Every structure is written in C-alpha cells, then in structure tokens.
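**Student:** Okay, predicted coordinates and the sequence, questions at the end:
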Amino acid sequence: MIISVPATSANLGPGFDTLGLSLSLRNRVHIQPSKFFSVSIKGEGANNPRLKGNNLFINIFNDHYRHLTGKRGIFRFKFYNQIPLSRGLGSSSAVIVSAIASAYSAAGVNITKRKLLNLALHYEHHPDNITPAVMGGFNVAVVENRKVYSQKKRIPGYLKAVVVIPDKPISTAHSRTTLPKSYRKEDAIYNLSHSSLLTACFFNESWEMLRIAARDRFHQVARMKNLPELFDVQKLAIENNVLMSTLSGSGSTFFNMTYKEDAQPLLEKFKARFPSFRCAIYDFDNDGVLFRD
Ligand SMILES: Nc1ncnc2c1ncn2[C@@H]1O[C@H](COP(=O)(O)OP(=O)(O)O)[C@@H](O)[C@H]1O
Ligand SMILES: N[C@@H](CCOP(=O)(O)O)C(=O)O
C-alpha cells in the first residue's frame, strides 16, 4: 500500500495557527509486511541518519498499529520524500498524517479523514498544517474540546505557488518559543480582521483583495529577523504584484501566490536575485492525504 501526503503552507500571514493550504509536493510511503524491519529513504532526509531508526513516523505508526491489532507488525518502509524538513512546508504534519493513515491501512481498518485529522491533533496541537495535509485545498481550522472544526475551499488551477526555500532549517517548536507572550489589543484586532478577510477572499475567489488581507502583526517580522534576506524576498514579490507573499509556517520558506501567467517571470527574478536559495513553482493540491493499495 502507498500513502501520500502533501506539503502545506500554514498561517498565510495573519491566520496564525488557523489558516493553511496544501501544495502539489508530496511525501509517499510504501509499506510491505516483511520478515525484517527495514527503512529506506529517497529524496528529502535520505542522508539524515536520525530518520533511519526510531523516527517520528515509525513511532507513531507502531503506536497505532499496535492499538489496532494488539501486535507489533514487522514491515519494510520505503519513503519517497519531496517535502524539505524544517523549512515551513509542514514536513512534521505530513509525517504525522501519513504514519496514522499507514497504520490503519496496514491493519486493514478504514478511517475517515475527519477521524484521521482528530488523531493527528494529538501530535501537533495547531491545526493549520494537519488540516490541509488531510483535506487538501485552503482550510480554516479551529480546535474545540480536542477536536478540529474546519472548512475547506478548493483552489483553482489558474493560481500557482512560487516558493523561495532558503538553506536554513527552522525548528517550529523552537520558533514558537521565541514569539511574544502577549499582544496589544489593536494588533489582535488587526490579525483577527485580516485573517477573516483573507478567508472570505478565498471562499469568494476575490484574489486581488488578498494583497491587503495577507498582512500580519503576530509572528512574521519576529521570525524573518532570523533570516533578514526574507524581507528582500517579500519586497521583490510585492514589487511584482503578487496576490500574497507570506512566511510559510514558521519558515524559512517564503510562500507567494500568483496567477499562472505571472509565476515563471517571478521565479526567474527570484532565482537571479537569490541564487543560493531553492526556488520553485508548485500547483496547489486539493486532495490531501491519498490511500492507494
Ligand atoms: N520525512 C520525515 N521522516 C521522519 N521525520 C520527519 C520527516 N520530516 C520531518 N520529520 C520530523 O519533523 C521535524 C521537523 O518538524 P518542524 O520543525 O515542524 O518542521 P516543518 O516546518 O517542516 O514542519 C524533523 O526534525 C523530524 O523530527
Ligand atoms: N502555526 C504554526 C505553523 C507551523 O508550520 P510549519 O510548516 O513551520 O511546521 C507556527 O507558526 O508555528
């Protein structure tokens, strides 16, 4: 069986811990019962020895497989990773979601996407990556009584993501400890209003108004100061009239959204200006996690 999960870009500016969307960049895992436990990794993380052993995926998979079957299965895991680790593209969420989905698939037990999402919440308490990773598309997600309540909007194919991925890993968990412990009332209202407007822009497909809506006062500036080139990335993007330009999750990736015809010219400007950064164009994903036997 093969499970695949998309990368995600969370926060989207003002929607801290709430808004997120998925990209056509996926981690795939192929699992087979075997006489011996083995892990092979191709792509992102292939040269990371820590991932060959008791990594996040294996630990979560074993927990759920044992809970479902009462036994510890022995499997061969083949990972094909496209999502760079610790770059703000939801690699941890992709692993959490794929591990739970894989355990249910290996145990021969069906699981709804809604249940999968609520199980993933146990491992990552902010729902803005796990929700689009499960559901696909643009999502608004809140948590009440340890459950995720979310709404999804499919993203049209005439929009593209143009991402700039610096060669600087950022630990999300550490990054969150560096954010302010409290905010001024006017800044809270600013983010609340802009996050609400951004959500309405996605649902009404009012793309031009995203240039106003996708502004933040909660987290971006504090995080971008750790890699000041990101201010130049955002400046170049805005000068080129992108629909939105936001720090992807906790960073270091910068996420930009354009109309299809504007993506390649912007990509070429990014590549020329930031030769040491990885730059790419991705379609948006609207499927989320996929199960295939
Ligand atoms: N493909 C993977 N296999 C196993 N663990 C992974 C994988 N990708 C990410 N992780 C785990 O998630 C951590 C990165 O999570 P995080 O700091 O939230 O970064 P991101 O911004 O990519 O979500 C890694 O240090 C590792 O523990
Ligand atoms: N809301 C979270 C999002 C983290 O996204 P990631 O892709 O960096 O894990 C935060 O801002 O901490």
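**Tutor:** Cool, the structure landed. Numbering: from 1, shown residues only. Ligands and ions are numbered 1, 2, ... in the order given.
**Student:** Please enumerate the helices of the stretch 101-250 of the chain.
**Tutor:** Under the criterion DSSP state H, counting those that start in this stretch, the stretch 101-250 of the chain contains helices at 113-120, 127-135, 172-177, 185-204, 210-213, 220-224, 229-239.
**Student:** The spatially closest residue to Gly45 that is not a sequence neighbour: what secondary structure?
**Tutor:** With sequence-adjacent residues excluded and distances taken as CB to CB, 6 or more residues apart in numbering, Gly45 is closest to Leu51, at 4.7 Å. For glycine as for every other residue, the C-beta is placed from the backbone atoms N, C-alpha and C. Under DSSP: H, G, I helix; E, B strand; the rest coil, Leu51 falls in the helix class.
**Student:** ok, Leu51 to ligand 2 distance?
**Tutor:** 17 Å (CB to the nearest ligand atom, to the nearest Å).
**Student:** Over to Ala94?
**Tutor:** 9 Å.
**Student:** What helix or strand is the closest residue to that residue other than its chain neighbours located in?
**Tutor:** Counting by CB to CB, 6+ apart, Ala94 lies nearest to Val5, which is 4.3 Å off, once chain neighbours are set aside. Per DSSP states H and E, Val5 falls inside strand 2-10.
**Student:** Pull up the pairing partners for that strand, direction included.
**Tutor:** Paired with strand 2-10 in the same sheet, following DSSP bridges, are strand 19-33 (antiparallel), strand 290-292 (antiparallel).
**Student:** Just the buried residues of that strand, please?
**Tutor:** 3-10 (16 or more other CB atoms under 10 Å).
**Student:** Going by distance to ligand 2, which of those wins?
**Tutor:** Ala10 (3.9 Å; CB to the nearest ligand atom).
**Student:** Test of understanding: give the bridge partners of the closest one.
**Tutor:** Beta-bridge partners, per DSSP bridges, of Ala10: Gly20.
**Student:** separation between whichever residue of the chain sits closest to ligand 2 and Asn240?
**Tutor:** Residue nearest to ligand 2 within the chain (CB to the nearest ligand atom): Gly249, separated by 2.4 Å. Computed with CB to CB, to the nearest Å, the distance linking Gly249 and Asn240 is 23 Å.
**Student:** These two: who's more crowded?
**Tutor:** Gly249 (31 against 16; other CB atoms under 10 Å).
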